[in-house]
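Q: dropping the sequence and predicted coords here.
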Amino acid sequence: MRKKLNTIVGGTLLLSGNEAIARGAWEAGVHFASAYPGTPSTEILEAIGDEYDEIDAQWAPNEKVGLEVVAGASFAGARVLSAMKHVGLNVAADPLFTLSYIGATGGIVIVSADDPGMHSSQNEQDNRLMARAAKVVCLEPSDSQEAKDMVVEAFSISEDFDTPVLIRVTTRICHSKSIVKVGPRMEVPVKGYVTDIAKRVPIPSNARKMHSRVVKRLNDLSAWSSESSLNWIEDGDRSVGIITSGISYQYVKEVCPEACLLKIGMSNPLPWNLIEKFVEMVDKVIFVEEGEPFLEERVRSKFLIPAIGKDIITNEGELNPELVRKALHPGTTKAITFYETELPARPPALCPGCPHRGAFYCLSKLNGSSTGDIGCYTLGLMPPYNALETTVCMGASIGVLSGIEKAVGREGMGKLVAAIGESTFVHSGVTGLIDMVYNGNTGTVMIMDNSLTAMTGGQENPTTGKNLRGEPAPVLDLVKIVSACGVKHIRVIDPHDLTEMEKVFREEFERNELSVIITRRPCVMCYRPAKKSVALLDPEKCIGCKLCMKLGCPAISWADEKPDISKLLCWPNCDLCVQVCPVDAISKDMEGLE
Amino acid sequence: MKSITNVIICGTGGQGILLASEILCKAAMLAGNDVKKSEVHGMAQRGGSVSSHVRFGEKVYSPLVEKGTADLILSMEKMEALRWAPFLKSSGTLLSCDLEITPMTVNTGHAVYPDVISMMEEQSIPCRMVPALEIAEELGNLRVVNVVLIGAASSFIPINEDYWYRAVEERVPQKALDVNIEAFRKGRQLSGIE
């Protein structure tokens, strides 16, 4: 039996950046943590839930609430952590910007997991800029050891300087594993809640004083940071000095291990005294940073020095050792023996058995489409469905549908519905629905309820009946919520009943009033049917009509004029292809899987 | 300084690439190496291309392998082996499971699954096909294909055999320990270097 990590108080572990952040929280004596899942941040709270029972950890309905509850716990003197993906920080920006003024009674650490390269995101915003705008501390680890150590250090900074601390990581930190020296948990008592109105109620007369304190805090922090071990100089050939941070530091070390460099660990406020020392030491500075020219613009605005940065290193996408080598040391480019071949792309697809498939198949069949949202169902845009045509942010499917109707009327809207998952609806869709009711819209919102926050790997949410640790929790009743918003026409259906699904779409397209369709069927990640049947093709009966191919099922491929249904991939009791076959060539095979 | 060993394990979502790379990392750690590995989660899981970069040696900086430097590429799918070939160094080893998984772009008729073998021959890519699916079928468990493959790869990676078996024991689900050990052994024997 594998031991939980809270029983290991020394030695080394191979940890991802996310696991290291969870470990750091535990070692720092964190009492409470809250987050909404979002790639690449999700595993932070999962690791806390799985490994560290001493931390009270929970999923929040969205990032704003997640940050607000940890703020409250901090007011009561607990050490707290909230984690989110980069765009989640936009949702939590409202509490963040004022928490900066209020400060931290118990230490507050916020983790922003940015996604340069957009592996699983809709933009690549650089949240060091958010830290600067909010006037909070920003730390940037470059591997798992630093991630763990910086979390521990962040709590000291937070409490010593009375500030929230943002730890800005990126996908390549979150999802890379490296060796971490671990230690025991620090026992830190909860200080207790003490009323302090001047500190925690930013009415203008208080807030003005708070802002002055924040400005002084940044100056103090900059001076402190120059002396701290968070930033360091590695001496070398001083004709060129490299200023770098985060994962870029590792690429610089890979490419130029002997380079003279300044490694920035605290990127807001910057350690100005140390930077001054460095720029005076070297003849010329090269900035190597992923994302925006954050360090470059700030340093160059303060010091008139010969410098290059974004002139030679892109601010788009992820950096990698090749790109850094090309910029710093082009003579050492590795010889490539085998060239790139043009190959069919392998984009992600809805899983076999996915409950969203039936809904998108029917929508597509009726020449309908959707304003989309953030989740697995964004894949409704892919062929063969081609049934999703906008995505903005969490919850936006509903507002966008309303706006289209406002601009071009019900007629102009055609067969568009809003497609949103149940977790996203709870996150920030419900306010859009309230707006639709309040302002007299007539569209149809489809809440795709698969009882799981699925795209991030399968997390519980307020509708699933379980909490972060898998314990029973009250179930949010979507029908009642929708009804309470004032929606009169609500239908709950199984999206895998294709006849019914199609009928419901047809009726709702005709209806001249606001309606909500809740498609309800569990995600394949949380539910495997006990009774097993798989689809079996009778090649004699098959007429090669390709209707089954319109399901876009990964288990069905096309081979020699007939479909080929993979027994390995086919999902038990799905039966969608059995339903669409017009000549009954596909049947349920009760022999089932292996 | 001891040189760094660079390995890429690739394939498609759901094939057990992450478990295979966990086994490799554990074995490399047991052998006293610094280890880094990197992979991408999220959307990539839904049947898309998945890859895991593993680097080990005395001191590792970048978690990513550079093109033209992989000592070994282990692919769980034929076309993915070809996709990652530019990462292989000229003296490197490329192993691939003899399995075709058609991507959705092919299923929907937007692309054609290529003739991978002849495309590899054109470039003289030294790819060794591993009949891992057949071995897993013989063992009665199709889920151990990934462990057969890491077993096959293990002969080409300079790590002591004992560490490999300890790593497998620690990393696979305990209820399926025996079949996984057997899968690893069969894979390792396949390359004829046990």
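A: Sure thing, it's come through. All figures in this text were calculated on a predicted structure; none of them were measured in a lab.

Q: and the residue nearest the centre of chain B, how far from B:Ala152?
A: Chain B has B:Leu74 as the residue nearest its centroid, 3.1 Å off, counting by CA atoms, centre = their mean. Going from B:Leu74 to B:Ala152 by CB to CB, to the nearest Å gives 8 Å. Just so you know, the C-beta spots here come from the backbone N, C-alpha and C atoms, and that holds for glycine as well.

Q: give me the common contacts of those two.
A: Common neighbours of B:Leu74 and B:Ala152 are listed as B:Leu95 (criterion: CB atoms under 8 Å, 6 or more residues apart in numbering or on different chains).

Q: show me where the stretch 301-450 of chain A has helices.
A: Applying DSSP state H, counting those that start in this stretch to the stretch 301-450 of chain A gives helices spanning A:321-328, A:356-365, A:396-413, A:422-424, A:430-438.

Q: hmm, who's touching the first one?
A: Translated: helix A:321-328. Contacts for helix A:321-328 (CB under 8 Å, 6+ apart): A:242, A:248, A:251-252, A:254-256, A:259, A:286, A:288, A:312-314, A:332-334, B:62, B:64, B:66-67.

Q: output it as PDB, restricted to C-alpha atoms.
A: Provided in PDB are the C-alpha atoms of helix A:321-328 (Å, rounded to 0.1, in the frame of the first residue of the first chain):
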ATOM      1  CA  PRO A 321      15.800  25.100 -25.600                       C
ATOM      2  CA  GLU A 322      16.000  25.300 -29.400                       C
ATOM      3  CA  LEU A 323      14.600  28.800 -29.500                       C
ATOM      4  CA  VAL A 324      16.900  30.000 -26.700                       C
ATOM      5  CA  ARG A 325      19.900  28.300 -28.400                       C
ATOM      6  CA  LYS A 326      19.100  30.000 -31.700                       C
ATOM      7  CA  ALA A 327      18.900  33.400 -29.900                       C
ATOM      8  CA  LEU A 328      22.000  33.000 -27.600                       C
END
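
Q: show me the contacts of helix A:321-328 that map onto strands.
A: Under the assignment DSSP state E, the contacts of helix A:321-328 contribute A:242, A:286, A:288 to strands.

Q: give me the nearest residue to A:Gly192, chain neighbours excluded.
A: In space, A:Gly192 comes closest to A:Gly77 once its chain neighbours are excluded; the distance is 5.2 Å by CB to CB, 6 or more residues apart in numbering or on different chains.

Q: now for A:Glu68, how many residues are close by?
A: Using other CB atoms under 10 Å in any protein chain shown, A:Glu68 has 18 neighbouring residues.

Q: and the pLDDT at it?
A: In this prediction, A:Glu68 carries a pLDDT score of 98.

Q: repeat for the one 10 residues further on
A: Confidence per residue is given as pLDDT, and for A:Ala78 that number is 98.

Q: quick one: secondary structure of it?
A: Assigned with DSSP: H, G, I helix; E, B strand; the rest coil, A:Ala78 falls in the coil class.

Q: what's the burial count for it?
A: A:Ala78: 24 surrounding residues under other CB under 10 Å.

Q: again, but for B:Asp178
A: B:Asp178: 10 neighbours (other CB under 10 Å).
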